[in-house]
Structure formats: C-alpha cells, structure tokens
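> attaching a predicted model along with its sequence, questions to come.
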Amino acid sequence: MAVRRKLGESLNINCKMMSRFSRYYSSKKVDLKKMRPMILKRIQDRAKDYPVHRMIPVAEEVLNSRRLLIQGVSTLLKAVPVVACKFCPEVYIGDKGHLIQTCPGFKRRGRNRVHEWITGSLKDVLVPVEAFHLKHMFQDVIKHNQRFDYDRVSAVVELCWQAGANDENLYSGTWDPENDCVALDGAESLSPAELTLVANGTLRAWEVLRNGVKKLLMVYPAKVCKDCSEVHVGPSGHKARLCGLFKYERWQGTHFWRKPSVDDLVPPNIVWRKRHQDPPVLLNEGKGYYGHAPAVVELCSQAGAVVPTKYHCMMKMDGLTGNVNQGLPPPPFNLTEPYRVLHLKNHV
C-alpha cells in the first residue's frame, strides 16, 4: 500500500508540473485576410536580405565559366566526333557509336534496342535546362494562364541574375551558339598541343561552373519537380501545369517541388566510355564491365585533357573488359548504371 501511495503522489506532482508549463491554444479560427498584410510585409522584409554581396563574385565567376565552357565544347566538337541517338537522349563520344541495347525506340514503343546514331551537337553534350525569368525574386507566383508572359532562360543564368551578377549581355548566349559563345576561328586546324590546351581549359571551366552553382544553391532558393526535370529559381515554385504528358495527367500537370542539386541545373549527361582494353566497338555483352563518364569530361579526355581523380572510379580506368574475359560471369551489380538510368529518365 505504501508503494502505491508514493506512486500516486509522484503522478500527481508530474501532472501539476505538466499543467503549469503546458500551452493553451485558442479554439478561434484564424482569419487569413487579417494576416495577409503581415505575411506580405515579412516577404518584403525578407527581400531586403538579397542579393548577398559576398556571393556576387561567385555568380559572376559562374557566368564567365559558362561562356568558356560553351566556347570550349563548341571548339572541341569540330575536332572530336560526337554522335547522338535519333530516338533517345543517348550520346556517345566517338565516330561509330556503340552496340549496347538501351534504346526504347520510336515513341518508346520498344525496349532494349540498338541505337540509331546521328551527328551530335552542342545541346547533346551540354543538356539545356531552362526556367522562367522572374522580374524579381519575391514576386507573385506564376499562374498557369501567365506562363507565356515570362521568358524562358537558362536556369544557371537565372540563378546568377538573382544572385546579383551584373552583365549587359546576360541573356544573349542562352543555348544558341550562333548568338554567343561560338567556337574559335580555325578550330579544325588546331595542333594537338593547342587542342589539349583548349580541353584543359574547358574541363577547368566545367569544374568551376559546378562548384559555383553548388555554392549559389546553398544561399538562394530554387525548386525542381520530382516527377520531371522542370526547374524554378525562386522561393516557391510556379503553378504552370506542365508536368508530364501522359503519366501524370491525373494530377492535371501540377508539379511536385523538391530542393534541387547541382545535377538538376547542370546535368552531367553520363555516357559510355571506351578504354584502351575494350574492343573497338562496345558490345552489349560487356556493358557490365565498361566505364562511364560525364559527356564533357569524356570529350575533354579524348582531346588530351587530364581527368581529375574523382572520376576514375566511374570511368573504371583499369577494370576488366568483357571481350577478353568471356569466361567470367557478368558482374553482380554496376555502381554507375542506376545513376545513368535515372539521369536519362529525368531528361526524356
């Protein structure tokens, strides 16, 4: 009985302490119309914190690296052959393509077919990612009937503009090489040493661009749809119903936003890579042994650039080849294949 009495006293004390520090909420409904001026004032006060002055040099460096990257890739495309599939986003750095059966075919009617190769271009190596150009960062949300009232620009350029980059020709070089960032004159007659110099500069611009975008995404808000590759640079996504053409029609094309990464704004565009121990043409039987690399890295590598060590694991520099080791069973897993399949799915 004494134990029960002590237990009851302790429970009463705990209940009194909880009731003393508990919070009581009103049962009245919140009037959003009265709170609207306060919310708008908070949004206006938040806009005073942007742009961050310390991030302005980073944004300008990203823009300069983007120009050098487009110019370098345009120059290398005249010396290094690049082919692209006619029916899917597959790209191969070489003149003959490969025989790996990963093509879905025309209008995705087939599965695991051989690719039909055509001559590649700048957009095949550097995948364009566009976003709506906002007048200012904290403006009203873009509605569906207003989608044609705003220009579509490169997502990286829009991010740099919101970060305070001051450039007179900010939108002159979006993704048309004829307007800006064209290839160097006489690119076909460059010597191997000069071509290597251009490749090293292009690869350096690629790394600076990705690192700069990563820094900007840590400071400035941006959104990307988890069901498609739509990107919006701003604190909240837009309401233009552009998501999905067939699969997500039950949602009326509404996007489901999430926080983006560097790969969402600057896609690496993973491609198959031919090593010195591989056959002249990559075969479907050995696809588990072949390496991968971003398209820009592979393009610069074939032009003579020194590849950073962080890509060596993906490229499988000294790995086995399926042609020489035909008696070996296929590898149980491939670390780069799921990442590559997910990337192609987001940009179909």
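Arrived safely.
> list the residues that contact the residue nearest the centre of the chain.
The residue lying closest to the centre of the chain (CA atoms, centre = their mean) is Asp264, at 2.1 Å. Residues in contact with Asp264 (CB atoms under 8 Å, 6 or more residues apart in numbering) are Val129, Val224, Ser229, Val231. For the C-beta atoms, the positions are set from N, CA and C on the backbone; glycine is no exception.
> so which bits of the helix of greatest length in the chain are buried?
When the chain is parsed with DSSP state H, its longest helix is helix 192-217. Under the neighbour-count criterion of 16 or more other CB atoms under 10 Å, helix 192-217 has 194-196, 198-206, 208-210, 212-213, 215-217 buried.
> need the next SSE after that helix, C-terminal direction.
Next along the chain after helix 192-217, taking DSSP states H and E as the criterion, comes strand 222-225.
> scan the contacts of Asp264 and report the most crowded one.
Val224 (25 neighbours; other CB atoms under 10 Å).
> specify the beta-bridge partners of that one.
In this entry, Val224 is beta-bridged to Val231, Arg258, by DSSP bridges.
> quick one: contacts for it?
Contacts of Val224 by CB under 8 Å, 6+ apart are Glu230, Val231, His232, Trp257, Arg258, Lys259, Pro260, Asp264.
> in JSON lines: the residues you listed, plus distance to Arg111 and pLDDT.
JSON lines is the format used below for the contacts of Val224 (distance: CB to CB, whole Å; pLDDT from 0 to 100):
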{"residue": "Glu230", "distance to Arg111": "26", "pLDDT": "90"}
{"residue": "Val231", "distance to Arg111": "29", "pLDDT": "93"}
{"residue": "His232", "distance to Arg111": "33", "pLDDT": "92"}
{"residue": "Trp257", "distance to Arg111": "31", "pLDDT": "89"}
{"residue": "Arg258", "distance to Arg111": "29", "pLDDT": "90"}
{"residue": "Lys259", "distance to Arg111": "33", "pLDDT": "92"}
{"residue": "Pro260", "distance to Arg111": "30", "pLDDT": "93"}
{"residue": "Asp264", "distance to Arg111": "27", "pLDDT": "94"}
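> buried among these? Need that as a selection in ChimeraX.
In ChimeraX, a selection of the buried entries from the contacts of Val224 looks like this (16+ other CB under 10 Å):
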select :230,231,232,257,260,264
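> now for the contacts of Val224, which pair is the farthest apart?
Greatest spatial distance in the contacts of Val224: Glu230 and Lys259, 14.0 Å, computed using CB to CB.
> one step back: wait, which of the contacts of Val224 is closest to Arg109?
Checking the contacts of Val224 one by one against Arg109 (CB to CB), the nearest turns out to be Glu230, at 25.3 Å.
> ok, that closest one touching Lys239?
No - contact criterion CB atoms under 8 Å: Glu230 and Lys239 do not qualify, at 11.9 Å.
> nearest spatial neighbour of Thr196, skipping sequence neighbours?
Using CB to CB, 6 or more residues apart in numbering and skipping residues adjacent in sequence, the residue nearest Thr196 is Gly304, 3.5 Å away.
> give the contact list for that neighbour.
Taking CB under 8 Å, 6+ apart, one finds Pro192, Leu195, Thr196, Ala199, Asn200 in contact with Gly304.
> tabulate these (TSV), appending pLDDT.
Formatted as TSV, the contacts of Gly304 follow (pLDDT from 0 to 100):
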residue	pLDDT
Pro192	87
Leu195	91
Thr196	92
Ala199	94
Asn200	95
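> could you dump the residues you listed to TSV with distance to Val271?
TSV is the format used below for the contacts of Gly304 (distance: CB to CB, whole Å):
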residue	distance to Val271
Pro192	23
Leu195	20
Thr196	21
Ala199	16
Asn200	20
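> now for those residues: which two are most distant?
Among the contacts of Gly304, Pro192 and Asn200 lie farthest apart (CB to CB), at 12.6 Å.
> can you give me the helices for the stretch 101-250 of the chain?
For the stretch 101-250 of the chain, the helices defined by DSSP state H, counting those that start in this stretch occupy 122-125, 155-162, 192-217.
> which other helices and strands contact the longest one?
Identification of packing neighbours for helix 192-217 by 3 or more CB pairs under 8 Å, 6 or more residues apart in numbering; DSSP states H and E yields helix 56-76, helix 155-162, helix 262-265, helix 295-302.
> so which of the ones you listed gets nearest Cys103?
Comparing the helices and strands packed on helix 192-217 under CB to CB, the one sitting nearest is helix 295-302, at 17.1 Å.
> packing partners for the closest one?
Contacting helix 295-302 under the criterion 3+ CB pairs under 8 Å, 6+ apart are the following elements: helix 56-76, helix 122-125, helix 192-217, strand 270-273.
> out of those, which is closest to Arg36?
helix 192-217 (30.1 Å).
> need the helices and strands packed on helix 192-217 in TSV with distance to Gln139, can you?
TSV is the format used below for the helices and strands packed on helix 192-217 (distance: least, CB to CB, whole Å):
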stretch	distance to Gln139
helix 56-76	19
helix 155-162	11
helix 262-265	20
helix 295-302	34
